[in-house]
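Chemist: Any chance you could fold what I've pasted below:
(2 chains)
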Amino acid sequence: MNAPARPVQPVVEVDWASKNYLVVDDFVGVRQLLRESLRSLGARNIDQASSGGEAMGLLSRIRYDVVLCDYNLGDGKNGQQVLEEARIRNLVNPSTVWLMVSAEKSVESVMGAAEHQPDAYLIKPITEGVLLTRLNRVWHKKQIFRLIDQACAEKDYLRAARMCDAAMETHKAHEIDLLRMKAKLMEKSGDPVRAREAYERVLAQREYQWARAGVARIRMANGEFEQARQAFQSVIAENRYYIDAYDQLALAYQNMGKLDEACAVLERAAKLSPNSVPRQRNLGNVALKLGNVPMAEKAFRKCIAIGEYSIMKTPDAYLGLARVCGQKNDPKEALQLLLQAQREFTGDHPDIALRAKITEGLVYHESGDYRRARKAGDELEALLNATEARPDVATCIELATLLFAVGVKEAPVELLCYVIRNNHDNPLLLDEVQQIFDKARLGDEGLEFIRVSKKEATDLMNQGVLLWKTGRLKEAVGWMRQARRKVPNNQRILFNAAQILVSHLQQHGYDAALSAEAYDVLHHVERLLPGQQRFAQMMEQLAQLQPGADGGTIAEVA
Amino acid sequence: MDDTPEAPELSLFLASTAHDMKNSISVLSGTLERLLVAASPQTESAYPQMAHMLYQTKRLNDNLMQLLALYKQVGTPAYPFDVQPLELGQLVDQVVALERVLLASRGLKLELDYDPSLVWHFDEDLMVGVLSHAINNAIHYTCDTVRLAIRATDDGWLELRVEDNGPGYPPALLRAGAIATRDTAGGMNFLTNSAGLGLYFSSEVARMHRHRDRHGTVRLENGGWYGGGCFILRLP
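Modeler: Next comes the predicted model:
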């Protein structure tokens, strides 16, 4: 089977007449014009919205095949925020074509980092012919990427990467895009060597700045911070709007312990792309760490203001600003912010009450009100006693530090032991915990706490491995279940648990419940720390064990 | 320190005004195209005037697009330059789509000579802008045919030619072209008319396209397939 020498565009006519369309523009003349253009393509079902809010209303009721959305929509949500919310709330299908329209070349189109990109950016004026050309192009590209995207969504990154290789053979015009996708997949799979290979293949053809940035990212992950820093800086020199490079450059500086430089880079990025919630949040956090209170305040306030219409908003800016208020000796506004955060973020942020209380304690502690700080500490202890669930590692550390500082004794020890049990093979974290014990004048006790907690985790894991290696698979599965209950967030234990489940499936045949359990375990590890090679390999093994799996052959893409 | 207090507000004001002007031009040209498609010179006595209105609207759009690009500092790293690999078919389809009604309304023929499956790397929006401007310009000088020819040269360039079968560019324009497009950014004294603006814009766009140690160029000459005016853009 020889590949044709020249790429052959599939001559599939798309039936644009039967699709559902949504046109979003605040200017009635443009809406009418676009509607007329769509009608000339045969379209019959065309809805219109004049604002972001109106668009969200329609999107939540109707599934559209094509959305034509202006970027500037006057007051309220802008086009990017409509897109983000529609994607995050699953109001559009993966197959939905989203075209972002603007009057001029938009900076957003070259920033590279935005997680939720439209399928294309169009510049006015848009004639029928241009519209049809771009619709067809996006549609064909979506066909090529459909199965790859699907495998990627299922987190079977290695299979997705193989599909990229296969698609490159037949779709020369999309080779660069496919290489970019493959590189991203290999990065997600914790395989930097092959990711870099893909980026280098791009660079052999053309000097694409995203590929340069990709190589630099890999060097940074490899600990080559200075080389990475230089590479990111030259990317920025070539393209001032490649915002992703600023974030990475700031990270490189942070890794080198140069917080001031990191802060300055984030400040520049926030200036170029002032309407990004995550960027203002990062800037605020770094500025707060540096003790640059005015800059932190400005960034957090901006973050809250632009977050008003964005689904990307999180409580962090409220909590950060509350800290700022505490440091400015204004605990009253701090408390108001904390109340507001708890009102606005409930469902998606189950730990908001805990985090708000931690911040309250910090605010009182930093403003020297030790009586109220201690009261917050006692309330936190009560909150912890009421539930088995523990927040993420960073919050645990912050919380334990605070509790020691305000004079609570038992709860922080319990928290730190929990952290150790769940991260028994992370030497950096062990050091950090030991330092907290030292600071609380519990150095010797801490040493013993750490030893015992480490041993608990190791024993749990070793017993499971022993059962597995001696062929007592069923018992091993049961043991690891119990181990996970005791130590829910230990990555080594989780990976071993998944490995034992996979062995069980391999040796005793497919079992839907065990397979689902293995997937649950793996997804949980990925949430704890994405981009691990063992995750990608086990996801691939597990996918191949599914009944009806194609055993790794390449699905046909048209 | 480069930020003056007024600067952000002024740029915001300019951006939103430009946005609004683009909307108006979109509606104007869209409406005119619709009317022209529905009419014919036989049935509509104002047909030539409508065709001329469309031509002028396109010029207005070209100028606005060029001014916006220059305002955003096209030619420098400050411009949001966006190179992507693209099949020539995709590029030409869009240029044709933008020019089809205008050409037909003036009774002009557009000849195409290119390989639609050839993939090259360029900023699509800028290239559509440069080519449609060159064609609008050729419409002014041609007799009855405009020719768009694109080919990859043996030494690794993409050569895009917009030619016409008119009497050729007047010497003054060729001189302006030579100044506007020469490598060293000559003073602004050639920018006394919109032809200068268009050429300057096109050559800045060409110069932004770099590969290894080469960058794109633009030149004007008389001759080519039909012996008329030729706009020649070369991309590495």
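Chemist: The closest residue to chain B within chain A: how many residues sit nearby?
Modeler: Closest to chain B within chain A is A:G129: 2.2 Å, counting by Cβ to the nearest Cβ. Using the backbone N, CA and C atoms, a C-beta is placed for each residue, glycine as well. Neighbourhood size, A:G129 [other Cβ atoms under 10 Å in any protein chain shown]: 20.
Chemist: Can you check the pLDDT for B:H19?
Modeler: pLDDT for B:H19: 78.
Chemist: What is the neighbour count of the nearest residue to B:R106 once chain neighbours are set aside?
Modeler: What sits nearest to B:R106 in space, not counting adjacent residues and going by Cβ to Cβ, 6 or more residues apart in numbering or on different chains, is B:A51, at 5.5 Å. For B:A51, the neighbour count with other Cβ under 10 Å is 21.
Chemist: Roughly how far does A:A356 sit from B:N61?
Modeler: 53 Å (Cβ to Cβ, to the nearest Å).
Chemist: Please, where are all the strands along chain A?
Modeler: Remark: strands assigned in chain A by DSSP state E are A:20-24, A:45-49, A:66-70, A:97-102, A:120-123.
Chemist: is any part of the second one close to chain B?
Modeler: So that's strand A:45-49. No - Strand A:45-49 stays clear of chain B (Cβ under 8 Å from any Cβ of the partner chain), getting no nearer than 15.0 Å.
Chemist: From what I see, the residue of chain A closest to chain B and B:A97 are in contact.
Modeler: Yes - counting by Cβ atoms under 8 Å, A:G129 does reach B:A97; the two are 2.2 Å apart.
Chemist: Look up the closest residue to A:S37, ignoring the ones flanking it.
Modeler: In space, and not counting its chain neighbours, A:S37 is closest to A:E128: 4.5 Å by Cβ to Cβ, 6+ apart.
Chemist: low-confidence ranges in chain B?
Modeler: Scanning chain B with the threshold set as pLDDT under 70 gives B:1-10, B:181-195.
Chemist: Show me the helices in it, by range?
Modeler: Assigned by DSSP state H, chain B shows helices spanning B:6-38, B:47-71, B:88-105, B:124-141, B:171-180, B:194-208.
Chemist: picking that back up, who's in contact with the residue of chain A closest to chain B?
Modeler: The neighbourhood of A:G129, defined by Cβ atoms under 8 Å, 6 or more residues apart in numbering or on different chains, consists of B:93-94, B:96-98, B:100.
Chemist: swap in A:N490?
Modeler: With Cβ under 8 Å, 6+ apart, A:N490 has these contacts: A:421-424, A:457, A:461.
Chemist: can you tell me which of those are in helices?
Modeler: A:421-422, A:457, A:461.
Chemist: okay, now the residue of chain B found nearest chain A: neighbour count?
Modeler: Closest approach between chain B and chain A, counting by Cβ to the nearest Cβ: B:A97, at 2.2 Å. Look at B:A97: counted by other Cβ under 10 Å, it has 20 neighbours.
Chemist: how close does it get to A:Y318?
Modeler: From B:A97 to A:Y318 the distance is 49 Å (Cβ to Cβ).
Chemist: Over to A:M480?
Modeler: Counting by Cβ to Cβ, the gap from A:M480 to A:Y318 is 39 Å.
Chemist: Repeat that for B:S105.
Modeler: 59 Å.
Chemist: what do you get for B:A18?
Modeler: 36 Å.
Chemist: How about A:N93: what's its closest non-neighbour residue?
Modeler: A:N93's closest residue in space is A:R63 (Cβ to Cβ, 6+ apart), at 6.4 Å.
Chemist: I'd assumed A:Y21 was in contact with the one you found.
Modeler: No - in this structure A:R63 lies outside contact range of A:Y21 using Cβ under 8 Å: 11.6 Å.
Chemist: Of the two, which one has the most company?
Modeler: A:Y21 (22 against 12).
Chemist: residues touching that one, list them.
Modeler: Residues near A:Y21 by Cβ under 8 Å, 6+ apart: A:38, A:43, A:45-47, A:64-68.
Chemist: rewinding a little: what's near enough to touch the residue nearest to A:N93?
Modeler: A:20, A:91-93, A:96.
Chemist: Format these as TSV; extra columns: pLDDT.
Modeler: Formatted as TSV, the contacts of A:R63 follow (pLDDT from 0 to 100):
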residue	pLDDT
A:N20	96
A:L91	95
A:V92	93
A:N93	91
A:T96	93
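Chemist: Give me the buried subset of those residues.
Modeler: Neighbour counting with 16 or more other Cβ atoms under 10 Å in any protein chain shown marks A:20, A:91-92, A:96 as buried within the contacts of A:R63.
Chemist: what's the domain layout of the chain?
Modeler: Going with chain A. Using automatic domain parsing, the domain ranges for chain A come out as A:16-146, A:471-545.
Chemist: Please refer instead to chain B.
Modeler: Listed by automatic domain parsing, the domain ranges of chain B are B:6-71, B:83-235.
Chemist: Now for A:P530, how many residues are close by?
Modeler: 12.
Chemist: And it, how far from A:M186?
Modeler: Applying Cβ to Cβ to A:P530 and A:M186 gives a distance of 13 Å.
Chemist: Please identify which of the domains of chain A is closest to B:N136.
Modeler: Closest approach to B:N136 among the domains of chain A is made by domain A:16-146 (13.3 Å; Cβ to Cβ).
Chemist: Within range of chain B, give me the residues from the stretch 1-150 of chain A.
Modeler: A:6-7, A:9, A:27, A:29-30, A:32-33, A:36-37, A:72, A:102-107, A:109-110, A:121, A:123-130, A:132-134, A:137.
Chemist: One more pass at 7 Å, please.
Modeler: Counting by Cβ under 7 Å from any Cβ of the partner chain, the positions of the stretch 1-150 of chain A adjacent to chain B are A:6-7, A:27, A:29-30, A:33, A:36, A:72, A:103-105, A:107, A:109-110, A:123-127, A:129-130, A:133, A:137.
Chemist: For PyMOL, what selects the buried ones among those residues?
Modeler: Only the buried members of the residues of the stretch 1-150 of chain A next to chain B enter the following PyMOL selection, criterion being 16+ other Cβ under 10 Å:
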select buried, chain A and resi 7+27+30+33+72+103+104+105+107+109+110+123+124+125+126+127+129+130+133+137
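Chemist: Sitting in helices, which of the residues of the stretch 1-150 of chain A next to chain B do you find?
Modeler: A:29-30, A:33, A:36, A:129-130, A:133, A:137.
Chemist: Quick one: mean pLDDT for stretch A:409-420?
Modeler: 94.
Chemist: buried residues in that stretch?
Modeler: Buried-residue list, stretch A:409-420, by 16+ other Cβ under 10 Å: A:411-420.
Chemist: Pick the one among those residues closest to A:R217.
Modeler: A:V419 (28.3 Å).
Chemist: Roughly how far does that closest one sit from A:R390?
Modeler: 8 Å.
Chemist: Can you pull the residues that touch both of those two?
Modeler: Common contact partners of A:V419 and A:R390 (Cβ atoms under 7 Å, 6 or more residues apart in numbering or on different chains): A:C396.
Chemist: Quick check: residues of chain A near chain B?
Modeler: So chain A meets chain B at A:6-7, A:27, A:29-30, A:33, A:36, A:72, A:103-105, A:107, A:109-110, A:123-127, A:129-130, A:133, A:137, A:172-173, A:176, A:206-207, A:237-241 (Cβ under 7 Å from any Cβ).
Chemist: State the number of residues packed around the closest residue in space to A:P278 that isn't next to it in sequence.
Modeler: Distances taken as Cβ to Cβ, 6+ apart put A:M312 closest to A:P278, at 6.6 Å, once the chain neighbours are dropped. By other Cβ under 10 Å, 19 other residues sit near A:M312.
Chemist: Correct me if wrong: A:M312 contacts A:Q81.
Modeler: No - at 8.0 Å, A:M312 does not count as touching A:Q81 under the criterion of Cβ atoms under 7 Å.
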